[in-house]
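Engineer: pasting a predicted model and its sequence here:
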Amino acid sequence: MSDAYSLTRSLADAASFSVIDQARLELIAQCAARQVKVAGDFIELGVFRGGSAILLASAIKQYHAPCKLHLLDSWQGLPGLNDEDLGTFVAQGQFSESSEHAVRARLDDFGLLDVCETHQGWVEDTLPELHGPFSLVHLDLDLYQPTYFALSCLLLRMAAGGEIIIDDYGNETLRRFPGVEKAVSEIIAGSDWSIVESAGERDQSVRIARQS
Ligand SMILES: C[S@@+](CC[C@H](N)C(=O)[O-])C[C@H]1O[C@@H](n2cnc3c(N)ncnc32)[C@H](O)[C@@H]1O
């Protein structure tokens, strides 16, 4: 990939394959450009067709960062819902119309596959095998249980200066992902992590970082 592969171009490529709106994609791109300077790997949980993954991998390539991007998904769609997800509009099995093979082929088309490692399966099985340290996490699992599980593991595996973006935290009026908001609130309560930024048009994502 040439250095001319710009942020604007990778944002457009990501948007073609992502369910995430422009404002949230821009937050990911800005964080990725900053976090490539922190020692550690990038990791995304919830890949679907690879839209946001294109952005994360593009930053690694564009800045020649000595790290890789781990991509975790069941590629079977969402698992079952819990009581904490009551009121959400997503359903079990949603987002199943993709595959690890299709995402790898897409990343290859964009010249990004060499900085990526895909891990197919439930994050409850695949994440414990990955020890980090991670400089940037993009967490996009939509539901309470996997979000809670992933954050519990990841907070212990973050690099100094590492950051976590959680998609679909929601906002005060549209609570379309109540389980994600609950999981994040529970995990950061009493920890040294807090919400430092939010972005999004209809649904909002949040960036969490360690308080200094
Ligand atoms: C909203 S989609 C991800 C969207 C993607 N980041 C984008 O840019 O469009 C959520 C993904 O999380 C995955 N997922 C949810 N719970 C999971 C779990 N427990 N283990 C593995 N994958 C899971 C689903 O398969 C789905 O592909």
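Structural biologist: In hand now; what should we look at? Residues are numbered from 1 along each chain as shown.

Engineer: so what's the gap between stretch 17-32 and the chain middle?
Structural biologist: Relative to its chain's centre, stretch 17-32 lies at 10 Å (CA atoms, centre = their mean, to the nearest Å).

Engineer: next, the buried residues of it.
Structural biologist: For stretch 17-32, burial by neighbour count (16 or more other CB atoms under 10 Å) applies to 17-21, 24-29, 31-32. C-betas here are computed from N, CA, C, even on glycine.

Engineer: would you turn those residues into a markdown table with distance to the ligand?
Structural biologist: Shown next, in a markdown table, are these (distance: CB to the nearest ligand atom, whole Å):
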| residue | distance to the ligand |
| --- | --- |
| 17 | 7 |
| 18 | 3 |
| 19 | 4 |
| 20 | 5 |
| 21 | 10 |
| 24 | 9 |
| 25 | 8 |
| 26 | 13 |
| 27 | 13 |
| 28 | 9 |
| 29 | 12 |
| 31 | 14 |
| 32 | 13 |
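
Engineer: put together JSON lines for those, with distance to residue 140, secondary structure and pLDDT on each row.
Structural biologist: Below are the buried residues of stretch 17-32 laid out as JSON lines (distance: CB to CB, whole Å; DSSP: H, G, I helix; E, B strand; the rest coil; pLDDT from 0 to 100):
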{"residue": "17", "distance to residue 140": "13", "secondary structure": "helix", "pLDDT": "96"}
{"residue": "18", "distance to residue 140": "9", "secondary structure": "coil", "pLDDT": "96"}
{"residue": "19", "distance to residue 140": "9", "secondary structure": "coil", "pLDDT": "95"}
{"residue": "20", "distance to residue 140": "7", "secondary structure": "coil", "pLDDT": "94"}
{"residue": "21", "distance to residue 140": "13", "secondary structure": "coil", "pLDDT": "93"}
{"residue": "24", "distance to residue 140": "9", "secondary structure": "helix", "pLDDT": "95"}
{"residue": "25", "distance to residue 140": "11", "secondary structure": "helix", "pLDDT": "96"}
{"residue": "26", "distance to residue 140": "15", "secondary structure": "helix", "pLDDT": "94"}
{"residue": "27", "distance to residue 140": "12", "secondary structure": "helix", "pLDDT": "96"}
{"residue": "28", "distance to residue 140": "10", "secondary structure": "helix", "pLDDT": "96"}
{"residue": "29", "distance to residue 140": "15", "secondary structure": "helix", "pLDDT": "95"}
{"residue": "31", "distance to residue 140": "13", "secondary structure": "helix", "pLDDT": "96"}
{"residue": "32", "distance to residue 140": "14", "secondary structure": "helix", "pLDDT": "96"}
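
Engineer: out of everything not next to it in sequence, what's closest to residue 201?
Structural biologist: residue 21 (4.5 Å; CB to CB, 6 or more residues apart in numbering).

Engineer: list the contacts for that neighbour?
Structural biologist: By CB atoms under 8 Å, 6 or more residues apart in numbering, the contact list for residue 21 reads 200-203.

Engineer: of those, which is the most crowded?
Structural biologist: Counting by other CB atoms under 10 Å, residue 200 has the largest number of neighbours within these, with 21 neighbours.

Engineer: from memory that one sits against residue 24, does it?
Structural biologist: Yes: with contacts defined as CB atoms under 8 Å, residue 200 counts as touching residue 24 at a distance of 4.8 Å.

Engineer: I appreciate the help and will end here.
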